[in-house]
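In: my questions are about this predicted structure, shown below with the sequence.
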Amino acid sequence: MYCLICGNLSFSHICKKCKKEFLKPSFYKRVVEKDFEVYSFYKYSAIKELILTKHKFVGYFIYHILAQESFKRFAKEFKYVGQIYSFACDDHIRGGYSHTAILNKYLKSTFITPIHSALRATNHVNYSGQSLQFRENNPRNFKYLYHPNIDAIIVDDIITTGTTIKEAKKTLKKNGLNVLFALTLANARE
Ligand SMILES: [Zn+2]
């Protein structure tokens, strides 16, 4: 096959050289509310074309690559005093796979246990291109379906206004979870 970035012949959808050159993760911090931080590995503009593949089947492979380069590396280095459970915001399946579930899966490590389909949005209205006002007027209405009173982190692919992550955190807190921080692939506010 051919590398999606440089077009050269490659064993993977993104060649080794491009992974090294374009997918080296950083660690950007954004404070969305008091004492709550969201960390992102990439600037949205830097991987926009790759993120947009999530609407197509090839996105399945691209999200695996992005997660291996960022979430997996993070999890390998991460240390904690106990066990943390990670929850993807809204990991319902669209077009055959869930892109946020792929990211969450790669957090599996000594201290992190990914939990799937446990933080479910009951409102799937499309937020793309919508204002903060629209997002606030149309909340995701999350349902939580796992154990109460555990330590948690939230996973999503993009942080735009932060509305979804804040709402997810509120739902987890209501269930007695200690939410440490959130992790996203990209930060749309650069
Ligand atoms: Zn390449």
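Out: Perfect, thanks for sending it.
In: so for this protein, the centremost residue is which one?
Out: In the chain, the residue lying closest to the centroid (C-alpha atoms, centre = their mean) is D156, at 2.5 Å.
In: tell me who's in contact with it.
Out: Residues near D156 by C-beta atoms under 8 Å, 6 or more residues apart in numbering: 88-90, 100, 103, 164-165, 168, 182-185. Quick note: C-beta positions are derived from backbone N, CA and C, even for glycine.
In: could you pull out the strands for the protein?
Out: Assigned by DSSP state E, the strands in the chain fall at 28-33, 36-43, 84-88, 112-115, 119-121, 142-144, 151-159, 178-187.
In: so of the ones you listed, which one's packed in deepest?
Out: Comparing the strands of the chain by mean neighbour count (mean count of other C-beta atoms under 10 Å), strand 84-88 ranks first with a mean of 24.
In: and it, average pLDDT?
Out: The average pLDDT within strand 84-88 is 98.
In: which helices and strands sit right next to that strand?
Out: helix 99-105, strand 112-115, strand 151-159 (3 or more C-beta pairs under 8 Å, 6 or more residues apart in numbering; DSSP states H and E).
In: related to what we said a few turns ago, using CSV, please lay out the strands of the chain together with distance to K76.
Out: As requested, those are arranged in CSV below (distance: least, C-beta to C-beta, whole Å):
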stretch, distance to K76
strand 28-33, 19
strand 36-43, 14
strand 84-88, 14
strand 112-115, 10
strand 119-121, 24
strand 142-144, 28
strand 151-159, 15
strand 178-187, 14
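In: any idea how far P25 is from Q83?
Out: When distance is defined by C-beta to C-beta, to the nearest Å, Q83 is 24 Å away from P25.
In: how near is the closest residue to Y97 other than its chain neighbours to the ion?
Out: Nearest residue to Y97, sequence neighbours excluded (C-beta to C-beta, 6 or more residues apart in numbering): Y60, at 4.8 Å. Distance, Y60 to the ion, using C-beta to the ion, to the nearest Å: 19 Å.
In: same question for E167.
Out: For E167, the distance to the ion - C-beta to the ion - is 38 Å.
In: which residues touch that residue?
Out: With contact taken as C-beta under 8 Å, 6+ apart, E167 is in contact with 139-140, 142.
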